Each structure stands twice: as structure tokens, then as C-alpha cells.
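>>> Below are the sequence and a predicted model; questions follow.
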Amino acid sequence: MAGKVVVFGSFVVDLMARIPHLPVPGETVKGPMFKMGPGGKGFNQGVAAHKAGADVTMVTKIGKDSFGDIALHTMDELGMTKEHVFISEEDKTGIALILVDENTSQNEIAIVSGACGTITEKDTNSVKELIRESEYILLQLEVNQDANERIAEYACENGVKVIINTAPYSKISDEFLSKAYMVTPNEVEAEALTGIKVEDLESAKKAATIFKKKGVKKVLITLGEKGVFISDDDKDEILPAFHVNAVDTTGAGDAFNGGFITALAEGKDEWEAAKFANAAAALSVQKLGTTPSMPARKEIDEFLSTHA
């Protein structure tokens, strides 16, 4: 039986435009398409885990407004529990402004966290029982950091494995990192946190060594189309990515993290879990959007059956 998973993180509404190229400072670029929908790293990862088959509970905070209603409506449509969605009377739901280059599928993103940046001690205290009953908890860095630190501390006290997706990058303490069973930065975040420019296996190993000196048990660094580097107790290697025709890479990392924690909770080791997560990410980049692009379990299983 799969273990229970908690995803503690952000919800924001994505405001996405596809344009011919990403603008340079001072430039206005006309685009052919605009799309609005649910997003936020935490929410994307929670939806990804849910659709991949995890027994997952999403914990986030929204405003009492029309953007917050998008979160609640999406969760209703997907059959996700809303019991631990906090609602602020004072703060508005956050937003993400996303520009996607329609030729390269690369993107630029600006986040305003809004309500999910105001998670209080009362809020975090209310989910202690939920955390105690879980096997894994997945964190990101889009909510207020004091809330992340309280959650990580409580999880560690109760033997719950903490996975920290260190995105979007912000300065975090070694004490917080020491609570992590595993970190899952991309190469840019890994460099910012360790000072090592991650370009290949050797540089990834050096970055992993620094993370482990800070108390992290296992290290996973996503490398885009190169695949994913994993450093566990036995080996340090790069697992290749699946190569597909990408149309929007915005939610790839979130699809990966949601798929990864799903597979871990099912008892797969890090290598099997990363392969499953690579498949989820490969499927997500073939669709537009973030939350809407997260693949269903049937899609992932079918993809893996045809891609060795």
C-alpha cells in the first residue's frame, strides 16, 4: 500500500502569454495567445501527484476572491480534498506572469505570492496531525519561509521524510537544508546554493557533496534535456531524459517532482522513481499550461511501456 503524501506550497493563478520571442528590457512583443488557469509550484506538484495516483493532500493558502475560486473549482473537478486549503480574508490570491517563446518553448516567470506568502503559525499548527500520518512531505520556496521551516521541523520530529524542491531560488539556511531527506534543485538552483556550476557528472557530484555536508541525505539535480543527476548512498549518476517535441516547458519541473514523490510513496527506489518522474515531465511539456498539463497515471504508464 502506498504511503501518504503531503504537498505544502503555493497556489497562484497563471497568466500565460505565448509570444514570438522573449522580450529584452524595454521591448514590447505582441503575441498570438493568452491563457489563464491554476498554477503555483506547490499546486502544480500536488495536482501532478494526485493525477499520477498518489494518496496526496494539498496544503496551501488562497484569498477570498475569484482567483482563489479557481483553486477550489479545480480541486473539485479533480476530486482533491480542500480540507487544508487556508483562506485569507485580507490578502489576495497570488499570480504568476508567464511568457513563453513559441519557437523555443523557453519561458520567463514573475511570481507575486499573495495569500500563500502569509501562512501563519496557527495555519501550520492545524496540519500537524496530517503530517504525522504521512510518509513524505514535499516543500518548495514560493510560500513564506518561516512556514516552511515550521513544517520541516515538525516533519523531522515525527520521522516524516522531507523533500525540498528549492524553487524558485531564494537564500535558505543550512539548518533548513539539514532537515531534508532529499533536495531536488535544477542546475541553476544547485549552483546558487552550492557555488558549483553544474554542467556535467563531475560538477554535479561536487554540488551533491556540498549538499550532503549541509546534512541533506540524498541529492537529485534536474538537468533539463540532459536528464537528472542522482546521488544516493550507493552511486552518483545521470539518468537520461526522454526526448520529445516540447511546446511548453513551464510545468516540467513540477510534473517531475509530483511524479517523483508519487513513485517514492509507492515504494520505488530513487532511480525507478526518477524514471517515472521523467516520463511525467516528458508528457507535460507536450501540452500548454502548468496545472492543466499534468499527466494522468494511465498516460504515464502507457508512455513508459513504449519508451524503454
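Looks like it came in fine. Numbers count the residues shown, from 1 in each chain.
>>> mind listing the helices for the protein?
41-52, 66-78, 121-125, 128-132, 145-157, 174-177, 187-194, 201-213, 252-265, 270-284, 297-306 (DSSP state H).
>>> Reformat those helices as JSON lines; add mean neighbour count, distance to residue 244 and mean pLDDT.
Using the backbone N, CA and C atoms, a C-beta is placed for each residue, glycine as well. Shown next, in JSON lines, are the helices of the chain (neighbours: other Cβ atoms under 10 Å; distance: least, Cβ to Cβ, whole Å; pLDDT from 0 to 100):
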{"stretch": "helix 41-52", "mean neighbour count": "30", "distance to residue 244": "17", "mean pLDDT": "97"}
{"stretch": "helix 66-78", "mean neighbour count": "17", "distance to residue 244": "24", "mean pLDDT": "97"}
{"stretch": "helix 121-125", "mean neighbour count": "13", "distance to residue 244": "39", "mean pLDDT": "98"}
{"stretch": "helix 128-132", "mean neighbour count": "15", "distance to residue 244": "36", "mean pLDDT": "97"}
{"stretch": "helix 145-157", "mean neighbour count": "19", "distance to residue 244": "33", "mean pLDDT": "98"}
{"stretch": "helix 174-177", "mean neighbour count": "16", "distance to residue 244": "33", "mean pLDDT": "97"}
{"stretch": "helix 187-194", "mean neighbour count": "20", "distance to residue 244": "20", "mean pLDDT": "96"}
{"stretch": "helix 201-213", "mean neighbour count": "17", "distance to residue 244": "23", "mean pLDDT": "97"}
{"stretch": "helix 252-265", "mean neighbour count": "29", "distance to residue 244": "10", "mean pLDDT": "97"}
{"stretch": "helix 270-284", "mean neighbour count": "24", "distance to residue 244": "5", "mean pLDDT": "96"}
{"stretch": "helix 297-306", "mean neighbour count": "14", "distance to residue 244": "9", "mean pLDDT": "96"}
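>>> nearest to residue 34, of those?
helix 66-78 (15.4 Å; Cβ to Cβ).
>>> Let's see the closest one as PDB, backbone CA atoms only.
Once non-C-alpha atoms are left out, helix 66-78 reads as follows in PDB (Å, rounded to 0.1, in the frame of the first residue of the first chain):
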ATOM      1  CA  SER A  66     -12.300  35.000  -7.900                       C
ATOM      2  CA  PHE A  67      -8.700  33.800  -8.300                       C
ATOM      3  CA  GLY A  68      -9.000  31.700  -5.200                       C
ATOM      4  CA  ASP A  69     -12.200  30.200  -6.500                       C
ATOM      5  CA  ILE A  70     -10.100  28.800  -9.400                       C
ATOM      6  CA  ALA A  71      -8.200  26.700  -7.000                       C
ATOM      7  CA  LEU A  72     -11.300  25.400  -5.200                       C
ATOM      8  CA  HIS A  73     -13.100  24.700  -8.500                       C
ATOM      9  CA  THR A  74     -10.000  22.800  -9.900                       C
ATOM     10  CA  MET A  75      -9.800  20.700  -6.800                       C
ATOM     11  CA  ASP A  76     -13.500  19.900  -7.000                       C
ATOM     12  CA  GLU A  77     -13.100  18.800 -10.700                       C
ATOM     13  CA  LEU A  78     -10.100  16.600  -9.800                       C
END
